[in-house]
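Visitor: here are the coordinates; sequence isn't available:
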């Protein structure tokens, strides 16, 4: 890209109202179209089967159970409703429990 072409680009699109002007946006699309490749997987490969999701239940390892219990015991008042039970606090506890179950270093 030469400095002349970048200067031309800056000159063409040096406008604060380029989003309001439909012709400006269309002009920008036409300039950028050769540089962008947008394809859908279904358009490229016709023989792909639809995605299939299978959920398999797996129990927690010993270390995961230990950490899960520690997180629960740390905030037992909030979970039982004895303490300040706001929604954000409960969501934070749930996120910590999810981390315990999904963290790769806690697997056996």
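Guide: Done, it's in. Just so it is clear, the structure is predicted and the values come from calculations on it, not from any experiment.
Visitor: Let me see the contact set for residue 93.
Guide: Contacts for residue 93 (C-beta atoms under 8 Å, 6 or more residues apart in numbering) come out as 71-72, 75, 78-79. Yep, even glycine has a C-beta here, placed from its N, CA and C like the rest.
Visitor: Per-residue confidence, it, what does it come out as?
Guide: Residue 93 is assigned a pLDDT of 88 by the prediction.
Visitor: Take the contacts of residue 93 and keep only those in helices.
Guide: 71-72, 78-79 (DSSP state H).
Visitor: Any regions of the protein where pLDDT drops low?
Guide: 1-5, 9, 11-21, 41-42, 82-85, 108 (pLDDT under 70).
Visitor: try 90 this time
Guide: 1-51, 57-64, 72, 74-93, 99-108 (pLDDT under 90).
Visitor: Of all the helix elements in it, which one is longest?
Guide: Max-length helix for the chain by DSSP H is helix 87-102.
Visitor: Distance from the chain centre to it, please.
Guide: When distances are taken as C-alpha atoms, centre = their mean, to the nearest Å, helix 87-102 is centred 18 Å away from the chain's centroid.
Visitor: buried residues in it?
Guide: Using 16 or more other C-beta atoms under 10 Å as the test for burial, helix 87-102 gives 93, 96, 100.
Visitor: For residue 76, see how far away the first one is.
Guide: If I follow you right, that is residue 93. 10 Å (C-beta to C-beta, to the nearest Å).
Visitor: can you check residue 34 too?
Guide: 62 Å.
Visitor: Look at those two and report which has more neighbours.
Guide: residue 76 (11 against 7; other C-beta atoms under 10 Å).
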